[in-house]
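**Student:** Pasting a predicted model and its sequence here:
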Amino acid sequence: MTAPAAAAARPEPLFLDFFYLLRVNGVPVSTREWLMFVECLAMGLAAADLHRFYALARATLVKSERHYDIFDRVFAHFFAGAEAPAGLADAVERWLEQPLPVPQLSPEELALLERHDPEELRRMFEERLKEQDERHDGGNKWIGTGGTSPFGHSGQNPQGIRVGGSGGGRSAIQIASQRRFREYRSDLTLDVRQLSVALRRLRRLGRDGRATEVDIDGTIDATAKNAGDLDVRLHPPRENRLKVLLLMDVGGSMDPFADLCSRLFSAAHGATHFREFHAFYFHNCVYEAVWRDARMTDAMTTRELLRWLQPETRLIFVGDAFMAPYELFAQYGAIDYWHHNEQAGIGWLQKLAQHFRKAAWLNPMPEQYWHHSTISAIGDIIPMFELTLDGLDRAIEELQ
Amino acid sequence: MFAQFTGTDRYIASLELQEAVNVALALQRPLLIKGEPGTGKTLLAEAVAEALGRPMFTWHVKSTSKAQEGLYVYDAVQRLHDSRFGDKDVGDIRQYIRFGGLGQAFLHPAPAVVLIDEVDKADLEFPNDLLHELDQMSFEVIETGDQHKAQHRPLVIITSNNEKELPDAFLRRCIFHFIAFPERDLMGRIVRVHHPQVRQTLIDEAIARFYWLRGLPELRKKPSTSELIDWIAALVRGGLDPEDLTDRVPFLGSLLKKEQDLEAFDRHRKRKGWT
């Protein structure tokens, strides 16, 4: 896009702060979009009407309804001098679930926005973080679940980073936020799109079904043999024949990874290239039933599942495989009191692994914590991979 | 001054939506429209074309669509076929080139509106394959080497049902608007333009019943605006009165389409003691 040079040089400092504030709050506004917005203002499209100005800013700067809410709060805060964005608690939670990269501009972007000082941006960012930290103390859901989650017991935060102890009494949020600065690149790469791209490699092409596509080579061949008289040949289009079954753990210890898992789910669900895609949920371990919904109200027995899906269906587990040993190894060991499993969880996992020719287990927990008994026992039955881009790549190789 | 879109007699657009259309017109950028099914995404393009007095071209995207098909298709089979009977000059390849919706809009001698409907149905890379054409509004027919460049940049309206994430590079080039589900007030106005003759009391009752249904938490597929409009048409044709809606929902099938939803409704019906 070539915005008028004058427009690029003219942005009011006031509005530039708005741009940074949007980015800092997680609306991924690019410079290109910002210049589009400025161009609109330069054309006088907003007139002097705040409502139109709002509509204009939103149409040019926000590209997903997921960000409308943040945009609204930032807008209200910035332009109407209203209260600071409400629900700071959720904001921090969201930050932790999906660490924000420090806004980093390319050299071209920097050149365009010469007045912009990355250090200042970082300071703003950290100030905001501190502010959220203060508001958040005491009621943090993460710390809350940390107390009940296995990680909490062992004094680690869900990402496996020590809280207290060697951390010198710093809060989990501060440590988690430091982690974001350090590792944001790998977090950044694990978005829905990148997951989709990885999943797209999971295919087995073959010509199947009705012949609807002209076979050009075949037609030319047949026509030549027919002494030049046209002989049209058809063949079925090349399609992916792969069927995929996704089994996802929605147990309590998976809560910290809920966002990551939902990204994987939407990537897999959105992948139209599978012939069949089925997703089911379980709690900690698969027993005699799995559920069609995450609230676990709509069940299908595991036996029925095995009868229904053919062995060439690819099985992908998503779970931390982390549970009390009796939940995996003991009869009647299931975590829900009403659930009397006649067969130990591990038996069901073996059944599944035997039925489906190819299976992989994606574990959102980093590999260094996999020495726990249930994790290694499950890893012995079903090849286990980290739920990272690299891990997913290796899992897909396994499933091919 | 730029052409301004403010909705039409038959299409009520919120101020934000109007502004999004006008920004797209002013900047000559594609307008991406998302929203629940049945909120009038596709109708918007027709309304804009009507309001601006422009012709409209449509390209319905399917799961097998390729980006190039929107521009043109080369019909090799027809050409082979003609070569057999020799009733056309098969040496003239141009007569086997058919232009798609987007291609036609580019070639149109006056500004047009082009609707790329349900872009998310196609392959993940599909929108990326269109970036160049949407930026430059020009394309080449490879078979003939002809370059076509739009004399008048058409307004491109793209709809998405959110079945897939769209690539960032694509999103950055678009103006975006999400059609939120209408509030009751707006819904009242929308229904009114579709049913100008119907009694207000019946419309009020129907809308109240409709929002109650949408509020049932168990529903898999919530009824949409277009279904409400069809339902009211059915009520009118059935000669029903507002009182008929107090303890039952006639023609339920035009609002709920899934068996599970009908069962969920049944449970509520029994609890309320309706007939």
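**Tutor:** All right, it came through fine. As the structure is a prediction and not an experimental result, all values here were calculated from the model.
**Student:** Is residue B:222 in contact with residue B:214, as I believe?
**Tutor:** Yes. Shown here, residue B:222 and residue B:214 form a contact pair, counting by Cβ atoms under 8 Å, at 4.8 Å. For every residue, glycine as well, the C-beta is placed using N, CA and C.
**Student:** Which one's more surrounded, these two?
**Tutor:** Counting neighbours by other Cβ atoms under 10 Å in any protein chain shown for residue B:222 and for residue B:214 shows that residue B:222 has the greater number, 18 against 14.
**Student:** tell me which parts of the stretch 1-150 of chain B are close to chain A?
**Tutor:** Neighbours of chain A within the stretch 1-150 of chain B, by Cβ under 8 Å from any Cβ of the partner chain: B:2, B:15-16, B:18-20, B:22-24, B:26-27, B:29, B:32, B:34, B:63-64, B:76-77, B:80-81, B:83-84, B:121, B:123-124.
**Student:** Buried ones among the residues you listed?
**Tutor:** The neighbour count (16 or more other Cβ atoms under 10 Å in any protein chain shown) marks B:16, B:18-20, B:22-24, B:26-27, B:29, B:32, B:34, B:80, B:121, B:123-124 as buried among those.
**Student:** Which residues does stretch B:266-275 contact?
**Tutor:** The set of residues external to stretch B:266-275 that reach it, using Cβ atoms under 8 Å, 6 or more residues apart in numbering or on different chains, is B:216, B:218, B:247-248.
**Student:** okay, and the helix or strand of chain B with the least pLDDT?
**Tutor:** In chain B, the helix or strand scored least confidently by mean pLDDT, DSSP states H and E is helix B:76-85, which has a mean of 79.
**Student:** name the element the residue most central in space within chain B belongs to?
**Tutor:** Central residue of chain B (Cα atoms, centre = their mean): residue B:42, 1.7 Å from the mean position. Assigned by DSSP states H and E, residue B:42 belongs to helix B:41-52.
**Student:** contacting residues around that helix?
**Tutor:** B:3, B:5-8, B:10-11, B:13, B:17, B:21, B:33-35, B:54-56, B:58, B:111-113, B:115, B:117, B:155, B:157, B:159, B:179.
**Student:** Quick one, which of the residues you listed are buried?
**Tutor:** B:5, B:7-8, B:11, B:13, B:17, B:21, B:33-35, B:54, B:56, B:58, B:111-113, B:115, B:117, B:155, B:157, B:159, B:179.
**Student:** quick one: which of these sit in helices?
**Tutor:** Mapping these onto helices (DSSP state H) picks out B:17, B:21.
**Student:** In strands, which of the buried ones among the contacts of helix B:41-52 appear?
**Tutor:** Residues of the buried ones among the contacts of helix B:41-52 located in strands (DSSP state E): B:33-35, B:56, B:58, B:113, B:115, B:117, B:155, B:157, B:159, B:179.
**Student:** so residue A:222 makes contact with residue A:229?
**Tutor:** No. Using Cβ under 8 Å, residue A:222 is not in contact with residue A:229, being 9.6 Å away.
**Student:** So which of these two has more stuff around it?
**Tutor:** residue A:222 (15 against 10).
**Student:** Let's verify the residue nearest to the more buried one when sequence neighbours are not counted: helix, strand, or coil?
**Tutor:** Nearest non-adjacent residue to residue A:222, counting by Cβ to Cβ, 6 or more residues apart in numbering or on different chains: residue A:231, 3.9 Å away. Recorded secondary structure, residue A:231: coil (DSSP: H, G, I helix; E, B strand; the rest coil).
**Student:** so who does the residue in the stretch 1-150 of chain B that chain A sits nearest to touch?
**Tutor:** Nearest residue of the stretch 1-150 of chain B to chain A (Cβ to the nearest Cβ) works out as residue B:19 at 3.6 Å. Residues near residue B:19 by Cβ under 8 Å, 6+ apart: A:45, A:52, A:55-56, A:59.
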